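Engineer: how does the following fold in three dimensions:
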Amino acid sequence: MDKKMKIGFIGYRGHATRLLKVFDEHAGCEITHIYHPDKIVDVKRLGLRRGGNVAATRHLKDLCPCDAVVISSPNHTHFGYLKKLIKGYKGYVFCEKPPVSSLKEIRHLENFSARDKKRIYFNFNMRFSFLGEILKMFPARYDLGEIVRASILGGHGLAFKEEYRTSWRAKRGLHTAGVLETLGIHYFDLFVFLFGSPKNVWYQAARFSPNGDSADTGHLACRFENQLCLNLSCSYSIPFADHLQITYTNGFIDYDAGNVRVFGPRETFDKNGLFIPPPLIHAETIDKNQLYSDSLKKSCGYFIGRVLGKKDIERRYFEQSVLSNKICLSAARQRIG
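Structural biologist: Below you'll find the predicted structure:
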């Protein structure tokens, strides 16, 4: 591949390190700048392939020659960078989810020009995940019928780690919707992406960790037009969990950290003609870390392909991202706890 897209990065720690690795390893990419507002980043310590040719800068204008800019900074800084970039920068923007951290900022996003919306991509990579493929392909493949209910539990113990004490995630003023905006929104967006805007959204927030004042646990429930009811629990105060159970009219899907099991059909009886649990009809195990890595690469790959091809980002990706962000922020605003 002869043509390489030049990329500037805003962010270099945490999740940004994963994105740096994905873009750095892609044959069509060349990372040229790492920006930080307060210091000069030690680029050599990042282990990039061409680290010696990457410039560290404190000046946002230095990113203007780049074909694309990646925003992977704390959530509450996203909108500030987006606002600055659409004024003085002509290239593409890849922004980590969630797009923004307040309903006021959502209104500003909605008022971006049509042209700007076509060059901004929000990285909801679960849309490209194996979970998405399960939801799209398995019902027909295993004759499961109509979707009735989905129950999700996702979380880990971040809020009890020492590093959380000084993290922006622990501060309610910076992490306004709490765990919902950084963890729960991954799962929620996938269902909104596949099934449309939900109705009757209810959210309950809580805090179990003594560290910080941001909500470290949340429970969301809603209903979609196709009658699907979604129950989502997410937490930074529980043992690791990545569990999804989906009920259909003719079977079940159970996903647990890479382990997938499918049960059916409904018409399963004992010798007396009474209903009994349906048998296992499919099982497979895939490394959960590989599943996440694959979804991240596919999401980044979509963006890279658009930039290299000089094509617009599909408008539905922008609109869907803003919708998911807006619903979560609205629900969190009305939360109890």
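Engineer: when you work out contacts or count neighbours from here on, use the C-alpha atoms and nothing else.
Structural biologist: Noted.
Engineer: where does pLDDT dip in the chain?
Structural biologist: Where the chain drops to pLDDT under 70, the residues are 1-2, 51-52, 334-337.
Engineer: mind listing what's buried in the helix ranked longest in it?
Structural biologist: Counting by DSSP state H, the longest helix found in the chain is helix 288-308. Within helix 288-308, the residues scored as buried using 16 or more other C-alpha atoms under 10 Å are 291-292, 294-301, 303-304, 307.
Engineer: what of stretch 257-274?
Structural biologist: Quick answer for stretch 257-274 (16+ other C-alpha under 10 Å): 257, 258, 260, 261, 262, 263, 264, 265, 266.
Engineer: need the CA coordinates for it. PDB is fine.
Structural biologist: Provided in PDB are the C-alpha atoms of stretch 257-274 (Å, rounded to 0.1, in the frame of the first residue of the first chain):
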ATOM      1  CA  ALA A 257     -17.100 -14.100  28.400                       C
ATOM      2  CA  GLY A 258     -16.500 -15.800  25.100                       C
ATOM      3  CA  ASN A 259     -18.500 -18.900  25.800                       C
ATOM      4  CA  VAL A 260     -21.600 -19.200  23.600                       C
ATOM      5  CA  ARG A 261     -24.400 -21.700  24.100                       C
ATOM      6  CA  VAL A 262     -27.700 -21.900  22.200                       C
ATOM      7  CA  PHE A 263     -30.700 -23.800  23.400                       C
ATOM      8  CA  GLY A 264     -33.900 -24.800  21.600                       C
ATOM      9  CA  PRO A 265     -36.600 -25.500  20.500                       C
ATOM     10  CA  ARG A 266     -39.500 -24.400  22.600                       C
ATOM     11  CA  GLU A 267     -41.500 -27.500  21.900                       C
ATOM     12  CA  THR A 268     -39.400 -29.800  24.100                       C
ATOM     13  CA  PHE A 269     -41.400 -32.100  26.400                       C
ATOM     14  CA  ASP A 270     -40.900 -34.900  28.900                       C
ATOM     15  CA  LYS A 271     -42.600 -38.300  28.700                       C
ATOM     16  CA  ASN A 272     -45.700 -36.900  30.200                       C
ATOM     17  CA  GLY A 273     -46.000 -34.200  27.600                       C
ATOM     18  CA  LEU A 274     -44.900 -31.400  30.000                       C
END
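Engineer: got the contact list for it?
Structural biologist: Stretch 257-274 is contacted from outside by 144, 241-243, 249-255, 275-288, 291, using C-alpha atoms under 8 Å, 6 or more residues apart in numbering.
Engineer: for residue 278, see how far away residue 249 is.
Structural biologist: 12 Å (C-alpha to C-alpha, to the nearest Å).
Engineer: of all the residues in stretch 172-180, which ones are buried?
Structural biologist: 174, 175, 176, 177, 178, 179, 180.
Engineer: skip the chain neighbours and tell me the closest residue to the second one.
Structural biologist: If I follow you right, that is residue 175. residue 169 (5.4 Å; C-alpha to C-alpha, 6 or more residues apart in numbering).
Engineer: for the closest residue to residue 179 other than its chain neighbours, give me its contacts.
Structural biologist: Spatially, and ignoring its direct neighbours in sequence, residue 179 is nearest to residue 216 (5.3 Å; C-alpha to C-alpha, 6+ apart). Applying C-alpha under 8 Å, 6+ apart, one finds that residue 216 lies in contact with 159, 170, 178, 179, 205, 206, 207, 208, 209, 235, 236, 237.
Engineer: identify the residues contacting residue 256.
Structural biologist: Taking C-alpha under 8 Å, 6+ apart as the test, what residue 256 contacts is 241, 242, 243, 244.
Engineer: how about a cut-off of 7 Å?
Structural biologist: By C-alpha atoms under 7 Å, 6 or more residues apart in numbering, the contact set of residue 256 is 242, 243, 244.
Engineer: how close does it sit to residue 262?
Structural biologist: Distance from residue 256 to residue 262, by C-alpha to C-alpha: 12 Å.
Engineer: alright, calling it a day.
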